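A.B. asks: 3D, please:
(chains A and B)
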Amino acid sequence: DVKVTQSSRYLVKRTGEKVFLECVQDMDHENMFWYRQDPGLGLRLIYFSYDVKMKEKGDIPEGYSVSREKKERFSLILESASTNQTSMYLCASSPPGKDGYTFGSGTRLTVV
Amino acid sequence: EDQVTQSPEALRLQEGESSSLNCSYTVSGLRGLFWYRQDPGKGPEFLFTLYSAGEEKEKERLKATLTKKESFLHITAPKPEDSATYLCAVQENSGYALNFGKGTSLLVTP
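C.D. replies: A predicted model of the protein is given here:
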């Protein structure tokens, strides 16, 4: 069964810490995405990548960066965590073309 | 202005009571419209992709339809296990990413 695996289900970090969220897919997909999901706001795109070492900003990239050194791995980095980054973070991947995403289970991040 | 609007925000049904969820969208060129199901604390699970007006897809008690301006997710004789949030998303011809609506939270009571 194809999978997108996010390294942590729950994470608690302190304000100002540098935070790494890891995502690995085993489907050889070119495209990978990071979303955050908040009540009342839905899923909002942070960054995406359509190839190794390629990245594009989504709708809300401020305070975040990404890294894609290998095709299967896409990391989201919170440079200096703030309380307004407390959220559910969802990683997804897709092949090129028309097929939809496969999502990971999500990481619930709390910044205190 | 939102590209994707889902209604209602929340829906409560009795087991066996059929209904429909709506997803209206505004894009210049539609590559695909997607429906997902999301259970609490989990990632969205893919249900359907629709590519052109008039297309329909079915899976168990769910049927998705598409027009040029909206999509419907029809739920026939729902069961409590159909309780979840249903998300609609669109992908434009010009883009890689999916643009999601805020979802409809469905509760089916016995």
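A.B. asks: and the residue positioned nearest the centre of chain A, what are its phi and psi?
C.D. replies: Chain A has A:Trp34 as the residue nearest its centroid, 3.0 Å off, counting by CA atoms, centre = their mean. The phi/psi pair for A:Trp34 (degrees, to the nearest 10) reads phi -120, psi 130.
A.B. asks: that one: what's it in contact with?
C.D. replies: A:21, A:23, A:45-48, A:58, A:64, A:66, A:74, A:76, A:89-91 (CB atoms under 8 Å, 6 or more residues apart in numbering or on different chains). To be clear about C-beta, it is placed using only N, CA and C from the backbone, and glycine gets the same treatment.
A.B. asks: check B:Ala97 too.
C.D. replies: Going by CB under 8 Å, 6+ apart, B:Ala97 touches A:33, A:45, A:48, A:58, B:91.
A.B. asks: again with B:Gly95
C.D. replies: Residues near B:Gly95 by CB under 8 Å, 6+ apart: B:Arg31.
A.B. asks: low-scoring stretches of the chain, by residue?
C.D. replies: Since no chain was named, I'll use chain A. Scanning chain A for pLDDT under 70 picks out A:1-2, A:97-99.
A.B. asks: to clarify, I was referring to chain B.
C.D. replies: For chain B, the ranges with pLDDT under 70 are B:1-2.
A.B. asks: and it, which of its residues are near chain A?
C.D. replies: Chain B has residues B:31-32, B:34, B:36, B:41-46, B:49, B:51, B:87, B:89, B:91, B:96-103 near chain A, with proximity defined as CB under 8 Å from any CB of the partner chain.
A.B. asks: now the strands for chain A?
C.D. replies: Under the criterion DSSP state E, chain A contains strands at A:4-6, A:10-13, A:19-25, A:31-38, A:42-49, A:56-57, A:64-70, A:73-78, A:87-94, A:102-103, A:107-111.
A.B. asks: how near is the residue nearest to the centre of chain A to chain B?
C.D. replies: Noted for A:Trp34: a distance of 11 Å to chain B, by CB to the nearest CB, to the nearest Å.
A.B. asks: re the thing from before, so of the residues of chain B next to chain A, which ones are in strands?
C.D. replies: Counting by DSSP E, the residues of chain B next to chain A contribute B:31-32, B:34, B:36, B:45-46, B:49, B:87, B:89, B:91, B:99-100 to strands.
A.B. asks: related to what we said a few turns ago, of the contacts of B:Ala97, select the buried ones using a ChimeraX command.
C.D. replies: This is how ChimeraX selects the buried members of the contacts of B:Ala97, with burial counted by 16 or more other CB atoms under 10 Å in any protein chain shown:
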select /A:33,45,48,58 /B:91
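A.B. asks: which one of the contacts of B:Ala97 sits closest to A:Phe103?
C.D. replies: A:Phe103 lies nearest to A:Phe33 out of those, by CB to CB, at 9.0 Å.
A.B. asks: the closest one and A:Gly106, how far apart?
C.D. replies: 13 Å (CB to CB, to the nearest Å).
A.B. asks: what of A:Val66?
C.D. replies: To A:Gly106, A:Val66 is 17 Å away according to CB to CB.
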